[in-house]
Each structure stands twice: as C-alpha cells, then as structure tokens.
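> Provided below for reference: sequence and predicted model.
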Amino acid sequence: MEATMIKRIKNFISGHRSILVSILVPVMASLILASCSGASNYVDSDSHKRNEVEMVKIPFTVTFEAASPNLSGGMIEELDIFMMKSNVSYGDELSMDFPLQRDGTLSEQNKDRLTSLSALFKKRGLRLSPDVTPYGLSPRENQARLLISRYVVTPPRCGDWSQPSNKNYGNSSLVNLGCANQANLGLMVANPRDLIIGASNGSPDAEKSAKAVNTYRTKKAPK
C-alpha cells in the first residue's frame, strides 16, 4: 500500500513539475525579500546616535604700533572686549599667526611681539602657545592674528522611533539605545576635546603624596 502511494506521489510531481515551480518560486522570492527588507533596518550594528565634535577657530586681528613690540592701550582694550565676548574658558587653545619670513621663521621684532603678548595673556590667567599657527592669508606688516581654537559638541537628537522594531532577526539594538546618555555626556563634559582624545593622567608621585600627608598630620591648624 505504501509503495503504491509513494509511486503515485512521484508520478504526480513528475507530471506537474512546471506547475509546482511556478507556485513555489514566487513564494520563496517573497519570503527572501521580506526577510531582507526587515534585516535592512539593522545592517550597521554601530549606527547608534553619538555626539558630534568639531574644532572651530575664532580669529581676531591686532595691530602693533610701528617698531614697537607692545600693543597700544586702545588695542589692548579691544582685545579684552573680544576675549570677553568670545567667553574664553577652560579647554580653549590660544595661538598667534604672524607674518613669516621667506625661510618660514619669525623676525626678531615679531619674536619680541609674541613674547609681549604671552606676558599680557599670562597676567589674565591665560596661556598663549609659543608656536605660530598659520591661518588663511598672512597678516599684514605690524599686524598679527589671534586664534581661539575651541572644540564644540553637538549632542544627538533623541526620540526618533521611526525605525521599525519588528523583523529584527539579528537581535540588533535600535539606534536610539543609549542616546539620552550620549546627549547628557556631551552637554556636561567640560572640554569636548576629551570625547575624541581623552585626558591623560600623570604618573603617580608617591613622594608628593607622602609630603602632603605629613604636612596634614604635623602642621598646626590656624587659630
């Protein structure tokens, strides 16, 4: 009986092969396309929303008096107003752009001017880089360009749930996963540069630590 049934099934398949193919091929194709369309939402496993950090440079041109290494009182006042409006703070890097000689070095006069500016910024609690930073067209004679290099962070926009969560056959996480944490980190970090490079800690100094502990234990408290 079983042998007869198997023989009849084989004869049916062989006689209706073209019909079966015409039915099965579209069904299989639709299943493959459906699985691909669902998986296409999760192609990149590292597509999470992150903070975007970029460096911006804010220029300001200062003019020296002829044959003088120092700025005039009026020019210093303009420079202070610019620094105040630019809200110079922690993480900002200050450098100067001077006209260079043909060999790419500073003239003696511009070296003196750079030293004078460094002292001026030091009085204001700021550090000016000793290296010249070329930026755009070279400044004119008796001029120099101050550059404030600042890292700016743009937090991701969270709450976009347009990505479908179904047909996630690879168990991949949605792009919004951790978005709020990323945005909060970008808003509270003191220097956005740390999001790219990070701050390196100095090697521990046991001698300094021991000296601080000894001072704490032996020094009398002020009355």
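Yes, it's here. Numbering: from 1, shown residues only.

> list the buried ones in stretch 214-223?
By neighbour count with 16 or more other CB atoms under 10 Å, stretch 214-223 contains no buried residues. (Each C-beta comes from the backbone N, C-alpha and C, glycine too.)

> mean confidence for it?
Predicted confidence along stretch 214-223 averages 79 (mean pLDDT).

> Let me know the secondary structure of the residue most central in space within the chain.
Nearest residue to the geometric centre of the chain (CA atoms, centre = their mean): residue 53, 2.6 Å. State at residue 53, reduced to three classes by DSSP: H, G, I helix; E, B strand; the rest coil: strand.

> List the contacts of it.
151-154, 192-193, 195-196 (CB atoms under 8 Å, 6 or more residues apart in numbering).

> same question, residue 71
Per CB under 8 Å, 6+ apart, neighbours of residue 71: 62-65, 79, 116-117, 120.

> Tell me, please, the helix or strand in the protein that averages the lowest pLDDT.
helix 17-39 (a mean of 54; mean pLDDT, DSSP states H and E).

> And the strands in this protein?
For the chain, strands defined by DSSP state E occupy the ranges 52-63, 93-97, 128-132, 143-154.

> The second one packs against which elements?
In terms of contacts (3 or more CB pairs under 8 Å, 6 or more residues apart in numbering; DSSP states H and E), strand 93-97 is packed against helix 108-123, strand 128-132, strand 143-154.

> Mind doing that once more with 6 Å?
Using 3 or more CB pairs under 6 Å, 6 or more residues apart in numbering; DSSP states H and E, the elements in contact with strand 93-97 are strand 143-154.

> out of the strands of the chain, deepest packed?
Neighbour counts (mean count of other CB atoms under 10 Å) averaged over each of the strands of the chain peak at strand 93-97, with a mean of 20.

> tilt between it and strand 143-154?
For strand 93-97 against strand 143-154, the angle by axes from the mean of the first three to the mean of the last three CA atoms, to 10 degrees is 150 degrees.

> Can you give the contact residues for strand 93-97?
By CB atoms under 6 Å, 6 or more residues apart in numbering, the surrounding residues in contact with strand 93-97 are 114, 128-129, 133-135, 144-145, 147, 149.

> Just checking: what are the partner strands of that strand?
Using DSSP bridges, strand 93-97 pairs in its sheet with strand 128-132 (parallel), strand 143-154 (antiparallel).

> Could you check how far the shortest one is from the centre of its chain?
This means strand 128-132. 23 Å (CA atoms, centre = their mean, to the nearest Å).

> what's the angle between that strand and helix 108-123?
Going by the same axes, to 10 degrees, strand 128-132 makes 160 degrees with helix 108-123.

> Local confidence estimate at residue 68?
The model's pLDDT for residue 68 equals 90.

> Backbone dihedrals for it, please?
phi -120, psi 140 (degrees, to the nearest 10).

> neighbours of it, just the number please.
With neighbours defined by other CB atoms under 10 Å, the count for residue 68 comes to 13.

> Any figure for the gap between it and residue 116?
Taking CB to CB, to the nearest Å as the measure, residue 68 falls 9 Å from residue 116.

> can you check residue 155 too?
From residue 155 to residue 116 the distance is 40 Å (CB to CB).

> Settle it for me: which of the two has more neighbours?
Between residue 155 and residue 116, residue 155 has the larger neighbour count (other CB under 10 Å), namely 17 against 14.
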